[in-house]
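A.B. asks: pasted the sequence and its predicted model underneath.
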Amino acid sequence: MSAVKPILGIIGGGQLGSMLASAAKKINIKTVVISDDEAAPAKNFCDKFIYAKYNNENKIDEFVQASNIVTFEFENIPYETLKKISQKRPVFPDPAINKIIQNRYTEKNFINQIEIKTTKFALIKKKEDLLNNKDLLPGILKTCTLGYDGKGQYKINSLNELSNLNIDFNNEYILEKTITLKKEISIIITRFKNNTYQAYEPIENIHQDQILKSSKIPARIDQLTFDQSISWAKKISEKLNYIGTMCVEYFIDQNNILYVNEIAPRVHNSGHLTINAYNISQFENHVRAVCQLDKIELKKISNAEMINIIGKEITNYQNKKFSNNEFFFDYLKETIKDKRKMGHLTILKD
Ligand code: ADP
Ligand code: MG
């Protein structure tokens with residue numbers, strides 16, 4: 001480990017950027033955050049904050065000059081921007097990984113190529129492609145790029161519904177067969193430079209309106225699913241030559257078949273409980289991996305449940321008293337919006 005600690009540049013200033021900056025501070029790593037939101041919450045937690053659009057070359061350069069190593073809190077940064085930064089500073093995870101994962105079609109193809117199961121899907125560029133893939137109905141049409149929290153998705157039960165949907169074919173989509181979900185789980189895994197890993201135990205997730213509502217450990221799953229979800233996450237991170245923390249989201253259907261839903265090449269909302277339930281959080285582990293610090297053995301402290309606080313629900317929490325097993329995080333977002341993640345509560349359990 002080098003004696004001088006690097007300054008970590010973080011692209012993106014939302015709650016994930018805030019939590020990365022806080023975790024870095026805890027281990028005496030200074031952070032520079034760049035965000036296209038002037039009111040980005042992370043400005044409260046980092047050492048230096050730069051407000052700029054992600055295509056502003058001068059500002060990007062100022063950010064690069066102020067950082068020794070660069071990482072990011074969200075995967076949809078323009079690939080060209082990341083690529084340019086990586087010519088001047090090490091960027092972890094590698095921007096080439098983003099290129100694969102930014103697009104649901106290339107992401108799912110990658111997963112299938114390494115012999116890991118996903119739901120059935122097809123690329124949809126025009127209406128006829130839908131007509132030719134009616135065996136995937138009932139299904140969900142998902143925009144290939146820039147979708148999150150269910151945005152850019154259409155549920156389609158039958159071809160009769162197409163005329164009502166008003167699909168914008170300027171975008172490309174995948175049509176994915178709907179499966180009957182028994183459960184959703186995720187694996188948070190951190191991969192370090194020397195091809196070593198730390199995986200947290202599987203986390204059980206509940207979504208409401210396609211937004212994560214709550215996460216808990218232990219997940220109520222069988223041993224086979226437990227082992228397979230971890231071993232697939234390891235395989236994915238290894239094949240991507242990934243450095244840092246990532247998340248693999250899974251579906252389990254009513255026959256207990258496991259599918260990878262999607263990969264997030266970053267820290268993830270379902271891993272927030274690791275802040276309180278483990279000795280080292282997903283955020284600290286990310287900082288450790290990308291800054292090449294020592295890997296510390298993971299120890300679970302407690303079972304836990306995390307509840308996302310969405311939209312105006314936040315006002316009910318801001319003046320609430322909490323017991324000493326409850327940890328409330330207010331993301332300090334300046335405006336409350338419907339369906340916006342405003343904070344979370346983690347409850348430690350026996
Ligand atoms: P996002 O990128 O917006 O998170 P996802 O593909 O993860 O999009 O979909 C959001 C949620 O919608 C999932 O967590 C799951 O609850 C539900 N969902 C998505 N695809 C399917 C599917 N093929 N079958 C059943 N449910 C699905
Ligand atoms: Mg998802």
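C.D. replies: Good, I have the coordinates. Residues are numbered from 1 along each chain as shown. Ligands and ions are numbered 1, 2, ... in the order given.
A.B. asks: domains of this structure?
C.D. replies: 7-91, 120-177, 181-348 (automatic domain parsing).
A.B. asks: can you redo these as CSV with mean pLDDT, distance to ligand 1 and mean neighbour count?
C.D. replies: Every residue, glycine included, has its C-beta placed from N, CA and C. Formatted as CSV, those follow (pLDDT from 0 to 100; distance: least, Cβ to the nearest ligand atom, whole Å; neighbours: other Cβ atoms under 10 Å):
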stretch, mean pLDDT, distance to ligand 1, mean neighbour count
domain 7-91, 96, 10, 19
domain 120-177, 92, 4, 15
domain 181-348, 97, 4, 18
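A.B. asks: mind listing the helices for the stretch 151-300 of the chain?
C.D. replies: Using DSSP state H, counting those that start in this stretch, the helices found in the stretch 151-300 of the chain span residues 162-165, 223-239, 274-277, 282-290.
A.B. asks: check the offset of the helix or strand just after the last one from the chain's centre.
C.D. replies: Of the helices and strands lying after helix 282-290 in sequence (DSSP states H and E), the nearest is strand 303-310. Chain-centre distance of strand 303-310: 16 Å, with Cα atoms, centre = their mean, to the nearest Å.
A.B. asks: and stretch 255-270, by the same measure?
C.D. replies: Chain-centre distance of stretch 255-270: 9 Å, with Cα atoms, centre = their mean.
A.B. asks: for stretch 13-29, same thing?
C.D. replies: That offset, for stretch 13-29, works out to 15 Å (Cα atoms, centre = their mean).
A.B. asks: re the thing from before, ok, which of the helices of the stretch 151-300 of the chain comes nearest I50?
C.D. replies: Proximity to I50, assessed across the helices of the stretch 151-300 of the chain by Cβ to Cβ, is greatest for helix 282-290 (18.9 Å).
A.B. asks: you'd agree A122 is in a strand?
C.D. replies: Yes. Assessed with DSSP: H, G, I helix; E, B strand; the rest coil, A122 lies in a strand.
A.B. asks: sorry, back to before: got TSV for the helices of the stretch 151-300 of the chain, with distance to Q65 too?
C.D. replies: As requested, those are exported to TSV (distance: least, Cβ to Cβ, whole Å):
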stretch	distance to Q65
helix 162-165	48
helix 223-239	31
helix 274-277	31
helix 282-290	18
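A.B. asks: for I179, which of those is the nearest?
C.D. replies: helix 223-239 (15.0 Å).
A.B. asks: contact partners of stretch 88-96?
C.D. replies: 9, 64, 67-72, 79, 82-83, 85-86, 240-244, 246, 265, 289-290 (Cβ atoms under 8 Å, 6 or more residues apart in numbering).
A.B. asks: which one of the helices of the stretch 151-300 of the chain lies closest to G17?
C.D. replies: Nearest to G17, of the helices of the stretch 151-300 of the chain and by Cβ to Cβ, is helix 282-290 at 10.0 Å.
A.B. asks: what residues are bridge-paired with D330?
C.D. replies: In this entry, D330 is beta-bridged to G343, by DSSP bridges.
A.B. asks: the residue lying closest to D253 once chain neighbours are set aside: neighbour count?
C.D. replies: Leaving aside its sequence neighbours, D253 sits nearest to I179 (Cβ to Cβ, 6 or more residues apart in numbering; 4.8 Å). Using other Cβ atoms under 10 Å, I179 has 19 other residues around it.
A.B. asks: I'd assumed F251 was in contact with I179.
C.D. replies: Yes. Judged on Cβ atoms under 8 Å, I179 makes contact with F251 at a distance of 6.1 Å.
A.B. asks: return every residue with contacts to both of those two.
C.D. replies: Common contact partners of I179 and F251 (Cβ under 8 Å, 6+ apart): T119, Y259.
A.B. asks: out of the helices of the stretch 151-300 of the chain, which comes closest to Q318?
C.D. replies: helix 274-277 (19.4 Å).
A.B. asks: kindly export the closest one (C-alpha atoms) in PDB.
C.D. replies: Output of helix 274-277 as PDB, limited to C-alpha atoms (Å, rounded to 0.1, in the frame of the first residue of the first chain):
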ATOM      1  CA  THR A 274     -24.200  -3.200   4.500                       C
ATOM      2  CA  ILE A 275     -23.400   0.200   6.100                       C
ATOM      3  CA  ASN A 276     -24.900  -1.000   9.400                       C
ATOM      4  CA  ALA A 277     -25.000  -4.700   9.100                       C
END
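A.B. asks: and it, what does it pack onto?
C.D. replies: With contacts defined as 3 or more Cβ pairs under 8 Å, 6 or more residues apart in numbering; DSSP states H and E, helix 274-277 has these neighbours: helix 282-290, strand 303-310, strand 341-349.
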